[in-house]
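Chemist: got a predicted structure plus its sequence, pasted below:
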Amino acid sequence: MKCTTLDLSALKCPLPVLHTRKALRKMAAGEVLIVIATDPMSAIDIPNLIRETGDQLKSTAKDGERLSFQIQKAPPSP
């Protein structure tokens with residue numbers, strides 16, 4: 001399984017969500033995207049994006065100001 005890390009530290013809203021959406025569009029079903037962000041709004045925006053795209057948020061973690069999200073690309077809807 002392919003895993004890609006996207007470090008979006010220091011980017012402010014809405015850039016983390018826009019970059020995450022763009023990366024997910026290029027991925028195949030089953031691939032994993034690790035997103036790292038420091039913008040506090042990412043804690044709300046990234047999960048909302050994943051609900052919208054239908055992909056799966058496997059885990060979230062916070063280490064100080066650093067947020068990380070593990071996202072698995074869902075298969076296309078029939």
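Modeler: Arrived safely. Residues are numbered from 1 along each chain as shown.

Chemist: residue 29 looks like it's in a helix, true?
Modeler: No: Residue 29 sits outside any helix when classified using DSSP: H, G, I helix; E, B strand; the rest coil, being coil.

Chemist: how about it, nearest residue that isn't a chain neighbour?
Modeler: residue 75 (4.0 Å; CB to CB, 6 or more residues apart in numbering). (C-beta placed from N, C-alpha, C; glycine too.)

Chemist: what secondary structure does the one you found sit in?
Modeler: Criterion first, three-state DSSP; result for residue 75: coil.

Chemist: tell me how far it lies from residue 25.
Modeler: Computed as CB to CB, to the nearest Å, the residue 75 to residue 25 distance reads 14 Å.

Chemist: in the protein, which spans are strands?
Modeler: Applying DSSP state E to the chain gives strands spanning 3-7, 32-37, 56-63, 66-72.

Chemist: got any ranges where the protein has weak pLDDT?
Modeler: Within the chain, not a single segment meets pLDDT under 70.

Chemist: again, only using 90
Modeler: For the chain, the stretches flagged by pLDDT under 90 are 1-2, 76-78.

Chemist: sorry, back to before: got phi/psi on the residue nearest to residue 29?
Modeler: When read as degrees, to the nearest 10, the backbone of residue 75 gives phi -70, psi 160.
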